[in-house]
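Q: Make a model of this:
(chains A and B)
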There are 2 protein chains.
Amino acid sequence: MHEEGGDEKRKRMSVGLYVSCPANIKGAIETIFEYGYHFIVTQITHPNYARVLQNGKFPQNIGRTDRVLKSSEWSRLVVGELTASIDVDSEVDHIREHSKHLFLQELGFATHLSVPAILIQLTKPNNIQLAHILNAKLTSGFSYSVWVNLPIIHPSRYSPISETEYDTWDWWNDFRTYCNYDKRLGLVLDIPDTKHTVPSCELDRWIGEPVKAIVIPTSFFLINQHGKPVLSRTHQDIIKKFMSIDVQYIIKPDSEGDLSLYIRYLHFLGKKLYVQDTMSEFVQGCEDFLQNPLQPLTEHLETNIYEVFEKDQVKYDTYQNAINKAVEAFHKESGEVPVVMVVGAGRGPLVQAVLNVSYTLNRKVKVYAVEKNPYAVNTLIDRVKNEWCNKVTLINEDMRTYEPPEKADILVSELLGSFGDNELSPECLDGAQRFLKKTGISIPSSYTSYLAPLQSIKIFNEIRSNRPADKTLQTCYEMPYVVHLVNYYQIAPPQELFRFTHPNWSERINNQRYKKLRFQCTQTSVLTGFAGFFETVLYKEVNLSIHPDTHTPDMVSWFPIVFPLHEPIHVTEGNIIEVSFWRAESQDKVWYEWCLESPVKGCIMNPDGRSYFLKKY
Amino acid sequence: MHEEGGDEKRKRMSVGLYVSCPANIKGAIETIFEYGYHFIVTQITHPNYARVLQNGKFPQNIGRTDRVLKSSEWSRLVVGELTASIDVDSEVDHIREHSKHLFLQELGFATHLSVPAILIQLTKPNNIQLAHILNAKLTSGFSYSVWVNLPIIHPSRYSPISETEYDTWDWWNDFRTYCNYDKRLGLVLDIPDTKHTVPSCELDRWIGEPVKAIVIPTSFFLINQHGKPVLSRTHQDIIKKFMSIDVQYIIKPDSEGDLSLYIRYLHFLGKKLYVQDTMSEFVQGCEDFLQNPLQPLTEHLETNIYEVFEKDQVKYDTYQNAINKAVEAFHKESGEVPVVMVVGAGRGPLVQAVLNVSYTLNRKVKVYAVEKNPYAVNTLIDRVKNEWCNKVTLINEDMRTYEPPEKADILVSELLGSFGDNELSPECLDGAQRFLKKTGISIPSSYTSYLAPLQSIKIFNEIRSNRPADKTLQTCYEMPYVVHLVNYYQIAPPQELFRFTHPNWSERINNQRYKKLRFQCTQTSVLTGFAGFFETVLYKEVNLSIHPDTHTPDMVSWFPIVFPLHEPIHVTEGNIIEVSFWRAESQDKVWYEWCLESPVKGCIMNPDGRSYFLKKY
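A: Here you go, the predicted structure:
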């Protein structure tokens, strides 16, 4: 049983077996390992022992002794199910009190055994007592995870006679809210049978939750023409969805059959459904991992960063295409040898693209490479000499202050961050255009940022738990993070925020911006922040995009950016999420501020750039 | 190249090759891998490029470009040697300034390449400028380790004409003190040739340092009768010492020879010298790892802790031996069936020992097992029924309040911690002796704690860096830790501190203690705290001990305990280390206080138990 996803596990399905109450747990574990299962879900107490009060005390004999398994078996292989009939939320006082004692005894026993996770069931709304007990344990440093078992769709939703249509997501959401979104709370979801489908927006919302496992009863399996159990297309589609967040599977035997066949089928399904594309290979292991945005203007990039950037062939092919079209256009116009300046040349990938264009078109191009990092220049010196036949003029200067001997026809740069302008591309290019002819072309010619409301308790928790000792929690929530979003739910489609175009020959350039956006919620969810994306026009119809709807295929250079909120905000269907967003600027820095105005008013985040800003110098 | 030691690596020697300046670094790496080496130590700049000032600026071309290796190769395989001739501590102003610029350029390049470690040499005392530059980098979040290269014994010590006999440990100690004991500072030691030996106390002091590697020139190898290079017995002894702290080896070619033979020999030597005993198998992976002492009176132990305890066969055999002698003595005296009470029975290992004695001696014994943890009692119920034929009376109570139906002849307990009394054995047994007959026997009958002055910068740093968010640094230094001491130096032999005997029929039992100890330093060292040990007399001549000089062979249940100081204290040869130690007590808790009085006065640590105490209830 594993708690966190990793490379290996993604391809190999981790599958457990539910065995309510084996006569011999050691034997049961040995048997299911022979079948190929990885863990067991079972009751840790023994229902044969009626645990009733005797003289005001519970008997200590709870039926199984710890010594039937090695402690390493308890702590790695057993998910301990607590007795489902214990009702700590009963409205009858003495039942509630009695249940609480039984429940605490089982929790204590789970601690004693050091099982990695316990499994509890939510069977009705508003489990405030259950939350009260578990939250106290979680707060006092409980070692195990709590797996909350629920159906994806409550049976009342199919029942013609039920008065209330329960949404089990609400039960879960209330419960984990009471428990302050503790990251040791996970979900174990029962999927519905083939007769019932899950609305896709609801499935998407579950994908945004910490789902640890999904339960598949053996009765859900169909028998194929070879007599083997297989899952229906509907169930396969559900599994494919959940594979993206690397869940585990629990087979629940409720029909006859050779138990080894189900796990073998799931392994087959894992291989069949797993899509290994460029993107997934490249980004494996950084799912929902928080990265601090770069400060490339004031901190030199290191070798490994350059190397990662340079590997994105799609991006540089697109750049080369844009340069090609620009050089051709220039030639058609003037017939002269174009002066192309690559500003922020790094170790030279765009210089190479310019030289490729020159070679492909068989046209002369005069190339300058401007780069301020001396260690990247050390590499460029070597490439100019050994690869580029001394055809490139190298300038070790900041593009904002460099005084060139001539002006450029084409200015090529790659200064964009995940939010477009967030690595100060506007400020840099405004500086560099001093040496662009008035008729000159900038590649990129424009870029636009986009924003969408986000639900990701995972990221909310990551920020909370990764706080460095020298930062306040407030600071940590008042700054953006670059994140490969996986375990999240996008509450509404992205909307356009800010746009910048280059060159910008306005008399007074103003790179400050303000905009208010309004998003409509289609279902109840939890707003934890905003996800940011960008699109850029490199040249005419040549674009790059990380906007979810127009994402350049196989391009891996940028992950979305996330602007958090201090606390998760509950939003309901039909609510309008209204947010104000600023790009602000002072003498030496640039920063963003953001503020929620609806459905509730929040405080202005990052006022005056107090927690996060981009240094200009 | 690895930075931290682990299980696997202990048995497999990690060996690097020193190649000052290969013409082709890619080729060099491929070649040494074929030989079997794991990493390379080499200059990252190229000495062919004279880096002199031109118009007040250094040229950017520093000779090697980052692209000759993949960034993953730079970051895993290359220890970057900085140019040894750069003298940032020169007393000539312009040389110092010029050197600083060159040095910073190389440091910047090392950052650019993301090498895992840089290698610098200390060639004279008091490298304050070097420390100033590196400390600034370490403080500002430098990613690599700094390996400081030094000879174990400075050549001046052998030289008849040298005026000063340099102690290189002093150079190192000054340097790392300037750098605030930063844990990214490591040592690379040159061992002396066979003609010169290292005094064993000096070798012990180096073993207490963060030695990352030792350098072995190929000229140190002798040729055996098969024509293969081997090391002398003297050198083997040095390597055996350093193997305990899991160092790496750097072969430095300074003579002719097939380079693959040296690494093959080192692997052979690794297997030959490695001693795999019970102890080392049991404790692997917890070297110098900080554990918080248990609070077994107020927190129930968990299954895995019981399981670990129960595995120590030596301990329980010794207990059984003591019980055997006590039962025999009792029988000789009275001829009756002895009442034996095991107090704090856990899951029953001492109960089993008592039953074994009864069986071996073929004598009846009446056994009570008193245990307060209900989950351990759950196990005992099962054992009484299924293993012990209902022969044991089980009591689920606290031994301090239990009212038994009869009194015991023999009281058996295992309540000792690493410091003897530090898990409140005195308080528990004083309570339990209410039901011991006046003529009765307590096993153990006494225990004594010992204290020794300790040098362990490793532990000083572990405490500093492992501080939980909810504790102050002061709190973390004012509490003891249980540690399997490996990378440490014991400055002087342990001395007796406190003793407790049982039963204790004094009218007024006083478990408070005070003692002042004085230790003499035999060589300059750094005092970072005190190591504690204990010896116990179980019964008459049957003892258990973790005192380094009398340690019970193969017993693994206890590691030493460490009482830290806030800051490392420099002590010199002949200094007297004077420490006062208190065991204090209030209504509901017990704690220790300690205070250094010489060679300098320190503050009283843990006054009134503010940072650490043992809860009685």
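
Q: wait, doesn't A:Ser14 sit right on A:Tyr249?
A: Yes - counting by Cβ atoms under 8 Å, A:Tyr249 is a contact partner of A:Ser14 at 7.3 Å. Bear in mind the C-beta positions are built from the backbone N, C-alpha and C, glycine included.

Q: Tell me which of these two has more neighbours.
A: A count of neighbours by other Cβ atoms under 10 Å in any protein chain shown puts A:Tyr249 above the other of A:Ser14 and A:Tyr249, at 22 against 19.

Q: Pull the number of nearby residues for A:Asn373.
A: 23.

Q: Which of the three states applies to A:Glu91?
A: Put simply, A:Glu91 is coil when judged by DSSP: H, G, I helix; E, B strand; the rest coil.

Q: got the phi/psi numbers for it?
A: The phi/psi pair for A:Glu91 (degrees, to the nearest 10) reads phi -90, psi -10.

Q: Tell me how many other residues surround it.
A: Neighbourhood size, A:Glu91 [other Cβ under 10 Å]: 7.

Q: what's near enough to touch it?
A: A:Glu91 makes no contacts at all, as judged by Cβ atoms under 8 Å, 6 or more residues apart in numbering or on different chains.

Q: which bits of chain A sit near chain B?
A: A:60-62, A:65-67, A:70-72, A:74-75, A:105, A:108-109, A:111-114, A:300, A:302-304, A:306-307, A:347, A:373-379, A:381-383, A:396, A:467, A:469 (Cβ under 8 Å from any Cβ of the partner chain).

Q: just the helices in the stretch 451-600 of chain A please.
A: A:457-465, A:473-477 (DSSP state H, counting those that start in this stretch).

Q: most packed of these?
A: helix A:457-465 (a mean of 19; mean count of other Cβ atoms under 10 Å in any protein chain shown).

Q: Kindly tell me how buried A:Gln520 is, as a neighbour count.
A: 13.

Q: So it is in contact with A:Ile576, correct?
A: Yes - in this structure A:Gln520 lies within contact range of A:Ile576 using Cβ under 8 Å: 6.0 Å.

Q: The residue of the stretch 151-300 of chain A found nearest chain B in helix, strand or coil?
A: Using Cβ to the nearest Cβ, A:His300 is the residue of the stretch 151-300 of chain A that sits closest to chain B, at 6.7 Å. Here A:His300 is coil, with the state taken from three-state DSSP.

Q: And for A:Arg67?
A: From three-state DSSP, the assignment for A:Arg67 is helix.

Q: any idea how far it is from A:Phe559?
A: 49 Å (Cβ to Cβ, to the nearest Å).

Q: returning to that earlier point: against A:Glu307, how distant is the residue lying closest to the residue of the stretch 151-300 of chain A closest to chain B once chain neighbours are set aside?
A: Leaving aside its sequence neighbours, A:His300 sits nearest to A:Asn373 (Cβ to Cβ, 6 or more residues apart in numbering or on different chains; 4.5 Å). According to Cβ to Cβ, A:Asn373 stands 14 Å off from A:Glu307.

Q: Over to A:Asn135?
A: Distance from A:Asn135 to A:Glu307, by Cβ to Cβ: 46 Å.

Q: swap in A:Ile153?
A: 47 Å.

Q: Please apply the same query to A:Val337.
A: Distance from A:Val337 to A:Glu307, by Cβ to Cβ: 32 Å.

Q: before we move on, the earlier item: more crowded one of A:Ile153 and A:Glu307?
A: A:Ile153 (23 against 17).

Q: In a helix, the more buried one, correct?
A: No - A:Ile153 is assigned coil when assessed by three-state DSSP, not a helix.

Q: which residue ranges form the strands in the stretch 101-250 of chain A?
A: For the stretch 101-250 of chain A, the strands defined by DSSP state E, counting those that start in this stretch occupy A:117-121, A:145-151, A:185-190, A:211-217, A:222-223, A:229-230, A:248-252.

Q: mind checking which of those is nearest B:Glu403?
A: Minimum separation from B:Glu403 across the strands of the stretch 101-250 of chain A (Cβ to Cβ) falls at strand A:117-121, 36.5 Å.

Q: which residues are in contact with the closest one?
A: Everything outside strand A:117-121 that qualifies as a contact, by Cβ under 8 Å, 6+ apart, is A:1, A:3, A:41, A:79-82, A:84, A:107, A:110, A:130, A:134, A:144-150, A:186, A:188, A:212.

Q: show me the contacts for A:Ile509.
A: So A:Ile509 contacts A:Asp430 (Cβ under 8 Å, 6+ apart).

Q: Would you quantify the distance from it to A:Gly431?
A: 10 Å.

Q: Also A:Ser442?
A: Separation of A:Ser442 from A:Gly431 (Cβ to Cβ) stands at 12 Å.

Q: Between those two, which has more neighbouring residues?
A: Each of A:Ser442 and A:Gly431 has its neighbours counted (other Cβ under 10 Å); A:Ser442 has more, 23 against 17.

Q: contacting residues around that one?
A: Residues near A:Ser442 by Cβ under 8 Å, 6+ apart: A:Ile410, A:Leu411, A:Ser413, A:Leu429, A:Gln433, A:Leu436, A:His502, A:Pro503.
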